[in-house]
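# Attaching a predicted model along with its sequence, questions to come.
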Amino acid sequence: MIKQQAVSIVESALERLKGARGAEQGGRSATPTEPPERAQPVPLPAGRGRSRIPPPIRWASQAPPVDLDFARLEAAGLCPPEPLARRLRDEFRAIRREVVGATLEMGASGQAVGPIVVVTSAGPGDGKSHTALNLALSIAGQGVYDVLLIDADFVKRTISVACDLGDRPGLAELLTHPTVSFLDYAYPTGVQRLHILPAGARSRSAHDLFAPARVAALFDVIRTAMAEHIVIVDTPPILVSSDTAVVLDAAGQVLLVVRAGSSLQDAVREALGRIRKTLPVGVILNDWSPLLPSEKKTYTSYDEYAQ
């Protein structure tokens with residue numbers, strides 16, 4: 001039985017949590033465990049604004065569109081059953097406004113936040129892949145922006161498998177062969193303006209591909225090409241995978257997914273502590289119900305990521 005995926009915005013202002021965390025840590029000097037500052041993101045083209053519809057991306061892939069089987073996505077817990085679908089769409093419209101609006105804002109560095117949105121969670125089972133997919137569907141559904149949905153979770157590969165792209169080349173191949181264009185491996189879908197970049201081939205050395213230099217170079221190219229559009233990256237939970245920290249260095253903004261009655265406050269605080277202070281952070285409360293006892297459940301360990 002699919003649980004209700006009631007999603008709400010806990011912090012509508014993406015800077016609020018980051019500002020509060022900065023106040024708590026005020027005056028503390030950086031430690032060697034904090035990620036170094038990356039190069040400034042590429043500024044967006046002049047004239048970009050809410051009233052301007054950007055030209056579509058010229059995608060290179062000649063693959064036939066991926067047929068998103070919504071019954072299969074529902075069975076995987078990525079889409080709700082029809083009675084809840086309307087409510088979910090309304091809630092993601094609210095999240096969509098915040099995310100798209102934030103891409104146009106100026107970040108702490110003085111540069112535009114830009115198109116890359118990383119979706120993560122403190123621990124497993126909080127609904128990050130559900131959030132990433134439905135946010136991508138919502139933004140693409142507007143028909144204004146092209147959306148590139150990237151599956152950067154090399155262990156679970158939830159989006160790749162659910163969309164029947166589990167054996168297709170993707171992110172792993174791009175990190176292995178940096179001269180290949182991401183446009184060649186971004187697969188069109190039956191949803192207009194939505195493309196998916198799957199995780200790619202399975203490999204025992206897949207985690208070694210997340211070298212900061214490789215990831216930074218690839219996402220710099222994606223950021224420039226998608227500057228007027230939206231990139232949504234589904235990553236592993238931040239507390240159980242070192243891969244996520246590397247991808248976060250390329251992010252313009254972060255959505256941290258929290259599951260009501262399951263995620264621990266201490267885990268969420270620790271997750272926030274692993275995100276660099278200059279990044280705008282939004283928190284999404286997933287599976288909320290007024291009947292759930294707060295803070296009584298714990299999440300189980302994500303042993304697969306320790307392998």
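All right, it came through fine.
# who's in contact with F70?
By CB atoms under 8 Å, 6 or more residues apart in numbering, F70 lies in contact with C79. Quick note: C-beta positions are derived from backbone N, CA and C, even for glycine.
# Give me the distance between it and P188.
F70 sits 17 Å away from P188, going by CB to CB, to the nearest Å.
# what's the answer for R93, then?
24 Å.
# Please say which of these two ends up with more neighbours.
Set R93 next to P188 and count neighbours by other CB atoms under 10 Å: P188 wins out with 17 against 13.
# Report the backbone C-alpha coordinates of stretch 260-276 in CSV.
The C-alpha coordinates for stretch 260-276 follow below in CSV (Å, rounded to 0.1, in the frame of the first residue of the first chain):
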residue,chain,number,x,y,z
ALA,A,260,7.6,13.5,9.5
GLY,A,261,7.8,11.1,12.4
SER,A,262,11.0,9.5,11.1
SER,A,263,13.8,12.0,10.6
LEU,A,264,15.6,12.9,13.8
GLN,A,265,16.2,16.6,14.6
ASP,A,266,19.9,15.9,15.4
ALA,A,267,20.3,14.2,12.0
VAL,A,268,18.8,17.1,10.2
ARG,A,269,21.0,19.6,12.0
GLU,A,270,24.1,17.5,11.2
ALA,A,271,23.0,17.3,7.5
LEU,A,272,22.7,21.1,7.4
GLY,A,273,26.1,21.3,9.0
ARG,A,274,27.6,19.5,6.0
ILE,A,275,26.2,22.0,3.5
ARG,A,276,28.4,25.0,2.9
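# Give me the mean pLDDT for it.
Mean per-residue pLDDT for stretch 260-276: 87.
# Could you point out the longest helix of this protein?
Ranked by residue count under DSSP state H, the longest helix found in the chain is helix 82-103.
# Name the residues of that helix that come out as buried.
By 16 or more other CB atoms under 10 Å, the buried positions in helix 82-103 come out as 88, 91-92, 95-96, 98-100, 102-103.
# can you give me the offset of it from its chain's centre?
Put simply, helix 82-103 sits 15 Å off its chain's centre (CA atoms, centre = their mean, to the nearest Å).
# Just name whatever secondary elements that helix is in contact with.
Applying 3 or more CB pairs under 8 Å, 6 or more residues apart in numbering; DSSP states H and E, we find helix 82-103 packed against strand 7-9, helix 128-142, strand 230-234, strand 253-259, strand 281-286.
# how about those in CSV, adding distance to V155?
Below are the helices and strands packed on helix 82-103 laid out as CSV (distance: least, CB to CB, whole Å):
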stretch, distance to V155
strand 7-9, 24
helix 128-142, 12
strand 230-234, 12
strand 253-259, 17
strand 281-286, 20
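# Of the ones you listed, flag the one that's most buried.
Ranked by mean neighbour count under mean count of other CB atoms under 10 Å, the helices and strands packed on helix 82-103 are led by strand 230-234, which reaches a mean of 26.
# With just CA atoms, put that one into CSV.
The C-alpha trace of strand 230-234 is given here as CSV (Å, rounded to 0.1, in the frame of the first residue of the first chain):
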residue,chain,number,x,y,z
ILE,A,230,16.5,23.9,-14.4
VAL,A,231,18.6,21.0,-13.4
ILE,A,232,17.4,18.7,-10.5
VAL,A,233,19.9,16.3,-9.0
ASP,A,234,18.8,13.3,-6.9
